[in-house]
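[1] With the sequence up front, the predicted model follows.
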Amino acid sequence: MNAESLFCYRRFAAMVYKEFIQMRRDRVTFAMMIGIPLMQLILFGYAINSDPRHLPTAVLSADNSPYARAIVAGMQTSSYFRFTEQLSSRVEADSALKEGRVQFVLTIPEDFSRLLLRGERPVLLLEADATDPAATSGALAAMRETVSQVLARDLPAAAGYTPTDLPVTLRVHAEYNPEAVTQYNIVPGLMGVILTLTLTMITSLAITRERERGTMENLLSTPAKPLEVMLGKIVPYILVGYIQMTLILLAAKFLFGVPLRGSIPAVFVLSLVFIAANLSVGVTLSTIAKNQLQAVQMSVFFFLPSLLLSGFMFPFRGMPVWAQTIGSALPLTHYLRLVRGILLKGNGALESLTHVWPIALFLVLVISLGMRRYRRTLD
Amino acid sequence: MDADLSAHDAADDFVIDVSGLTKGFGGKVVVNGLDMRVRRGEIFGFLGPNGSGKTTFIRMLCGLLRPDSGSGTCLGYDVLTQADLIKPHVGYMAQRFSLYEDLTVRENLDFTARMYGLPDRAEIVDACLTRMAMTRFENQLAGSLSGGWKQRLALSACTLHGPKLLLLDEPTAGVDPGARRDFWDEVHKLAGQGVTALISTHYMDEAERCHRLAYIAYGDLLAQDTLEGIVDHAGLATWNVSGPGLPELAEALRPLPGVDQVVAFGNTLHVSGADAQLLEAALAPFRNAAAPPGGAREWRLIRTSLEEVFIHLMRGQQAKTGARP
């Protein structure tokens, strides 16, 4: 063995093997590695993507015609709306929405059926409490379909509507998220978020733990080199990253029914750079942090901007320039585009490469910082 | 063992040969211009009060800390620039248990063997487990071992690669006498094979098992010699007093000029001073006085013990540096 060599494969392999044993023994961390992805997936996935139905709805009707009743009945049948109140004034309607008693208020004007029969497309007003746009989007989409079906069946041909156009002017008062968040968009993004959170946090503990438990003193007294130790700490968690990815992709397909258009092998291969980038952040943070608590805090400092500025939480183009600049430096931003591109748009590996190099650059910068920060002595 | 010694150290009989080694943390000097020479095959005891710089000095020798200044060699390699070449030949045992508590005994030894690039790992580890009588613990987690066995495991790990130099930092702190005895027997066996050992300790009986000793206090090396040499050089005179009324006698003697230390040892009192004549003059009135109730006291001049010498050295250093007692 050459004591001067920068890297000795056998010592590196010894580090990797040791990390695996410790990973297996540390039940809590192991549970975290499997549990966090599943928990986030279920929480985020269902909380954000659920298509809520049976939403409480009030009706303010000044027209007690069969048509008005048919519309109400049709909405109820669509399962999105559940009529809970009959209102008698605008004031009541406002307070019902304001207090959050109902999600929607349907207003049917006085001369609704008369105008309808005359072919004048009366206004049908649906007000939505859109504080959570995701909660109402499904119902609003169903509304148009419901009205059109109900009236096409009930209206006499004399009214002169063609089957393709809507006999009423459907007016919806609701604030929409312009880049409406859909399940398809969220689940692949969630993969990047989960990998960022768990991998950074787990590896940020890697070196601080050795220092805190005093084992670093022993490790430093052996001929181990920095690169052997750092890579030895990173490689086992690459496997962990892939296990998480597999879980998430399986859930995306079978739990959330996300159409996976692109090549899964391409996702796996290209994700290696992203996984390594996050792990290198963790290891580098742990060379800076003084103890395990600090390491976790620092990884949260990295995770939060990633979550907020990458385009996962808010549409990237809607953010101010400074936020976009920070976001562009983060690997998650590029990974989101990469994964959504492959999975949803069916991009190939070649088209995805534009998103890979910023992540690779990030990886190289961070790992060289970590190498410089890794202390070979206890000084 | 001698066969694989490199030509490098064969030319020099000193395994450790450093001078002026200095290290400070945050402006405070912890090791102050230390000179030390340790011969091959020697068991060298390293003593001194807590916080005197023993651990810092040992860490500098094995490359865990970079000296601020000074020069010297360890195993023939430069301590400032060749830490990478020193490490493979040194077995370092930290004060605190520093193996992996969540690895089993065998896994820890196996990991250590791999870090040192040993061939035939399984055989080496097997042999080590047998030699140290640890085979029955091989699949037990290191963290679940008792203090004595942990220390034994740590010694096994740091001798696994056949180091030429052992640096053991308070290896027997908190270990029962039986285990300490076994430990020292092991160290003497290794020394017999040509291994050099530098061992820091607080135990005087352990100091007596060393070939040579160094005493360090507040960063300064105060003495470096054999046990006899250190005791003789200190030039302390000590009286052993036995008989009735010793606590009262101790109180009466303490403030007298010439009396440096008055220490109770069971049913006797040890009274020592740096100036034998002054001490004798101070004691004379008590020796000549009428016997106290309960019988006469017996006064005997004895050989000064190491502990008194060290306390004498430490106080002298405190007086010089103004360090708090």
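    Cool, the structure landed. Numbering: from 1, shown residues only, chains lettered A, B, ... in the order given.

[2] Please make it C-alpha for all contacts and neighbour counts, starting now.
    Will do.

[3] Measure how buried residue A:357 is and give me the count.
    The number of residues packed near residue A:357 is 14, by other C-alpha atoms under 10 Å in any protein chain shown.

[4] hmm, I was thinking of residue B:104
    Neighbourhood size, residue B:104 [other C-alpha under 10 Å]: 21.

[5] thinking it is in contact with residue B:134, fair?
    No. Contact criterion C-alpha atoms under 8 Å: residue B:104 and residue B:134 do not qualify, at 11.6 Å.

[6] Let me see the contact set for the residue nearest in space to the middle of chain B.
    By C-alpha atoms, centre = their mean, the mean C-alpha position of chain B lies nearest to residue B:200, the distance being 2.8 Å. Shown in contact with residue B:200 (C-alpha atoms under 8 Å, 6 or more residues apart in numbering or on different chains): B:45, B:46, B:47, B:54, B:168, B:169, B:170, B:171.

[7] Among these, which lie within helices?
    When DSSP state H defines the helices, the subset of the contacts of residue B:200 inside them is residue B:54.

[8] Make TSV from the contacts of residue B:200 and add pLDDT, distance to chain A and neighbour count to it.
    TSV is the format used below for the contacts of residue B:200 (pLDDT from 0 to 100; distance: C-alpha to the nearest C-alpha, whole Å; neighbours: other C-alpha atoms under 10 Å in any protein chain shown):
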residue	pLDDT	distance to chain A	neighbour count
B:45	94	21	26
B:46	92	20	24
B:47	92	21	25
B:54	92	15	25
B:168	95	12	24
B:169	94	12	22
B:170	92	15	20
B:171	92	14	23
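
[9] So which of the contacts of residue B:200 sit within strands?
    In this view, the contacts of residue B:200 that belong to strands under DSSP state E are B:45, B:46, B:47, B:168, B:169.

[10] Nearest to residue B:36 among those residues?
    residue B:46 (10.7 Å; C-alpha to C-alpha).

[11] For the closest residue in space to that closest one that isn't next to it in sequence, give me phi and psi.
    Distances taken as C-alpha to C-alpha, 6 or more residues apart in numbering or on different chains place residue B:200 nearest to residue B:46, at 4.3 Å, with adjacent residues excluded. Per-residue torsions, residue B:200: phi -90, psi 140 (degrees, to the nearest 10).

[12] Then the one 3 residues further on?
    Taking degrees, to the nearest 10, you get phi -90, psi 130 for the backbone angles of residue B:203.

[13] What is the burial count for it?
    Neighbours of residue B:203 (other C-alpha under 10 Å): 13.

[14] what does the stretch 101-250 of chain B have sitting close to chain A?
    Residues of the stretch 101-250 of chain B that fall close to chain A, judged by C-alpha under 8 Å from any C-alpha of the partner chain: B:102, B:103, B:111, B:114, B:115, B:116, B:117.

[15] Measure how buried the fifth one is and give me the count.
    Residue neighbour count, defined by other C-alpha under 10 Å, stands at 23 for residue B:115.

[16] Distance of it relative to residue B:132?
    Distance of residue B:115 to residue B:132, computed by C-alpha to C-alpha, to the nearest Å: 21 Å.

[17] next one: the last one
    Per C-alpha to C-alpha, residue B:117 is found 21 Å from residue B:132.

[18] Neighbour count for the two, which is higher?
    Taking other C-alpha under 10 Å, residue B:117 and residue B:132 do not tie; residue B:117 has more neighbours (22 against 17).

[19] any idea which element the closest residue to residue A:313 other than its chain neighbours lies in?
    Taking C-alpha to C-alpha, 6+ apart, and ignoring the residues beside it in sequence, residue A:313 has residue A:307 as its nearest neighbour in space, at 6.5 Å. Secondary structure assignment for residue A:307, by DSSP states H and E: helix A:292-309.

[20] Can I get that helix in PDB, CA atoms only?
    Only the C-alpha atoms of helix A:292-309 are listed here, as PDB (Å, rounded to 0.1, in the frame of the first residue of the first chain):
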ATOM      1  CA  GLN A 292     -25.500  17.200  14.700                       C
ATOM      2  CA  LEU A 293     -28.100  19.700  15.700                       C
ATOM      3  CA  GLN A 294     -26.300  22.400  13.700                       C
ATOM      4  CA  ALA A 295     -26.000  20.000  10.800                       C
ATOM      5  CA  VAL A 296     -29.800  19.500  10.700                       C
ATOM      6  CA  GLN A 297     -30.400  23.200  11.000                       C
ATOM      7  CA  MET A 298     -28.000  24.000   8.200                       C
ATOM      8  CA  SER A 299     -29.700  21.400   6.000                       C
ATOM      9  CA  VAL A 300     -33.000  23.000   6.600                       C
ATOM     10  CA  PHE A 301     -31.500  26.300   5.500                       C
ATOM     11  CA  PHE A 302     -30.700  24.600   2.200                       C
ATOM     12  CA  PHE A 303     -34.000  22.800   2.000                       C
ATOM     13  CA  LEU A 304     -36.300  25.800   2.500                       C
ATOM     14  CA  PRO A 305     -35.000  27.900  -0.500                       C
ATOM     15  CA  SER A 306     -35.100  24.700  -2.600                       C
ATOM     16  CA  LEU A 307     -38.700  24.100  -1.700                       C
ATOM     17  CA  LEU A 308     -39.800  27.700  -2.100                       C
ATOM     18  CA  LEU A 309     -37.700  29.000  -5.000                       C
END
